[in-house]
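Participant: prediction below, plus the sequence it came from.
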Amino acid sequence: MTISERVFEKITEIKMSQKEFSEKTGILQSTISEWKKKKTNPNSDKIMIICKVLNVTPEWLLSGVDSKRTGKKKQGDDWYVVDKKSELGFFIEQYNKMDSNTRSRILGYMQALSEIKNNR
């Protein structure tokens, strides 16, 4: 099953119209229709908003596998998806701009704070 097929499957499952999906994602209805007609997939920059609107994981949307439902965790599933506009997204963006010495200091601070918290 393709990504777009999973999108349409989920839209049907949650009884959402393509128009409503278009409005909530900001993706043009014509683009969504193209996915269906030409059996193409959404651009990668749309994946996260699609996941948010459909309340699915990127893992499920991209592969059809949902380790939360199956309880089976594959090797390599240890990752996070973070909204860039969130506090954590800001932190990651700033961290990525730092040189290696500054990153090491930040990690040291975090480790020290974690140890203080764990010792309480």
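Facilitator: On my side now, so go ahead.
Participant: can you list the domains in the protein?
Facilitator: Structurally, the chain divides into domains by automatic domain parsing as follows: 3-68, 87-118.
Participant: how about TSV for the ones you listed, with mean pLDDT added?
Facilitator: Shown next, in TSV, are those (pLDDT from 0 to 100):
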stretch	mean pLDDT
domain 3-68	91
domain 87-118	92
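Participant: if we compare those, which one ends up closest to residue 81?
Facilitator: With C-beta to C-beta, the closest approach to residue 81 among the domains of the chain belongs to domain 3-68: 5.7 Å. C-beta coordinates here come from the backbone N, C-alpha and C atoms, glycine included.
Participant: pull the longest helix from the protein.
Facilitator: Determined from DSSP state H, the single longest helix within the chain is helix 100-118.
Participant: now the helices for the protein?
Facilitator: Secondary structure of the chain by DSSP H: the helices cover 3-13, 18-25, 29-38, 47-54, 58-63, 67-70, 87-97, 100-118.
Participant: give me the residues contacting the longest one.
Facilitator: Right, helix 100-118. Applying C-beta atoms under 8 Å, 6 or more residues apart in numbering, the set of residues contacting helix 100-118 from outside is 95, 98.
Participant: tell me the angle that helix makes with helix 87-97.
Facilitator: 140 degrees (axes from the mean of the first three to the mean of the last three C-alpha atoms, to 10 degrees).
Participant: same deal with the third one?
Facilitator: In this structure, helix 29-38 runs at an angle of 80 degrees to helix 87-97, with the same axes, to 10 degrees as the basis.
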